[in-house]
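A.B. asks: turn this into a structure:
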Amino acid sequence: MWPTLFMLFLLHTCLQGGQGDLREDLTLLKTELALRLYQGAAAPGNETNVVISPAGVSLALEILQFGAQGNTGRQLAEALGYTVHDQRVKQFLHTVYATLPKSGHGTKMQLACTLFVQAGTPLSPCFVEQISQWANSSLEPANLRESNSTSIRAHDWASGQIAGDDPGGPMWERGGQAAFAQLALVSTMSFQSTWQQRFSSRDTQLLPFTCAQGVVLQVPMMYQMAEVNYGQFQDPAGHQVGVLELPYLGSTVSLLLVLPRDKDTLLSHIEPHFTASTIHTWTSSLRRARMDVFLPRFKIQNHFNLKSILNSWGVTDLFDPLKANLKGISGQDGFYVSEAIHKAKIEVSEEGSTASTATALLLLKRSRIPFFKADRPFFFFLREPNTGFVFSIGSVSNPLD
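C.D. replies: So this is what the prediction gives:
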């Protein structure tokens, strides 16, 4: 119950405070949402790599807010902690989305959401207009009642947004309510960019990475000696962590890495203690330092059906054809969300080049200065420094997966 009370309190401050308060409170809300999403996606004891895009999920829920009414709207507002029906919130978020990093200059970023609507369903002109102006969102007619056709279409759309990957199977399993389906929601997040200070492929070499269960792998480990933002902190449970910030080209996006300082401390022991205020304290307290940085190359792609996560947050009416109130989308009765699919990808490398061999001796000679060596499971989040908004959040348990 605490997270709901926390977010409702911040919602009140958002609506009552000034522009500075609004920015700070929405940043905290979105960070808290990111952490809750991560905790929902990373099941306890699950040692697989995880990435999920809070930006993509919140974008989808904001779109639904435009059409949700009654208890359905209240559940969405409680889950997000804010409502796009407040003009100040709406204007602020619209500005943020308009200034998201664009593709180009070494950066490839795609945040997109499409609502597949049963063909022939009358839609509210106001809703259609709002969606067309909200970030990279769109409406597409489809035959949701025809077995497999919409699954394939939505799957192809999502795979097309995350270019270069083999789709590999259906986006969702169709259940017994398929005959009543009228709306399917698919959101994606993809990011690839060039480091502000690039890693050299000549310095990448195979080094040991110790997984949570003690298995030692030889993984391609990137290396650079650089001026970075770094800090050492203690979480609420007393665990020591190191936090490193690596900016991408243009400094519009940064990758934050969180690593337990004690090699015997498992990442799963510190993750439950992450809070929005903790993350805010860490990111605002980093200091410049010259360090040896070791970071494994990794590439993660996940897809989730968000229904179970949203249900656990109390968003239940949205998926119930008898309770959903989406009359702001269409005046028809029984209009509800049949599926909520999310697919996210992140790739971290020198710059997509092939790594070449190098001797360990070269790196060992540089060990006199402080170092950050991600040679065991670590937590990461992709963040826009100016707003503090989290685009992606996840963890690496095995860089070779």
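
A.B. asks: now do the most centrally placed residue in the chain against residue 112, distance only.
C.D. replies: With distances taken as C-alpha atoms, centre = their mean, residue 53 lies nearest the centre of the chain, 1.9 Å away. Distance of residue 53 to residue 112, computed by C-beta to C-beta, to the nearest Å: 10 Å. Backbone N, C-alpha and C define where each C-beta goes, glycine included.

A.B. asks: so who does the residue nearest to the centre of the chain touch?
C.D. replies: The neighbours of residue 53, taking C-beta atoms under 8 Å, 6 or more residues apart in numbering as the test, are 111, 187, 188, 189, 342, 344, 391, 392, 393.

A.B. asks: returning to that earlier point: joint contacts of residue 53 and residue 112?
C.D. replies: 187, 188.

A.B. asks: before we move on, the earlier item: and the residue nearest to the centre of the chain, what pLDDT?
C.D. replies: With respect to pLDDT, residue 53 scores 89.

A.B. asks: gap between it and residue 227?
C.D. replies: 29 Å.

A.B. asks: in the longest helix seen in the chain, which residues are buried?
C.D. replies: Assignment by DSSP state H gives helix 19-41 as the longest helix of the chain. Going by neighbour count (16 or more other C-beta atoms under 10 Å), the buried part of helix 19-41 is 22-38, 40-41.

A.B. asks: and that helix, what does it pack onto?
C.D. replies: helix 2-16, strand 50-52, helix 54-67, helix 87-98, helix 276-284, helix 307-312, strand 390-396 (3 or more C-beta pairs under 8 Å, 6 or more residues apart in numbering; DSSP states H and E).

A.B. asks: extract the CA atoms of it and return them as CSV.
C.D. replies: Extracted C-alpha coordinates of helix 19-41, given in CSV (Å, rounded to 0.1, in the frame of the first residue of the first chain):
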residue,chain,number,x,y,z
GLN,A,19,7.0,24.5,-12.4
GLY,A,20,10.2,23.5,-10.6
ASP,A,21,8.3,21.4,-8.1
LEU,A,22,6.4,19.8,-11.0
ARG,A,23,9.6,18.8,-12.8
GLU,A,24,11.2,17.4,-9.7
ASP,A,25,8.1,15.5,-8.6
LEU,A,26,7.4,14.0,-12.0
THR,A,27,11.0,12.9,-12.2
LEU,A,28,10.7,11.1,-8.8
LEU,A,29,7.4,9.5,-9.9
LYS,A,30,8.9,8.3,-13.1
THR,A,31,12.0,6.9,-11.4
GLU,A,32,9.7,5.1,-8.8
LEU,A,33,7.7,3.7,-11.7
ALA,A,34,10.9,2.5,-13.4
LEU,A,35,12.0,0.7,-10.2
ARG,A,36,8.6,-0.9,-9.7
LEU,A,37,8.6,-2.1,-13.4
TYR,A,38,12.1,-3.6,-13.0
GLN,A,39,11.1,-5.4,-9.8
GLY,A,40,8.1,-6.8,-11.5
ALA,A,41,10.1,-7.9,-14.5
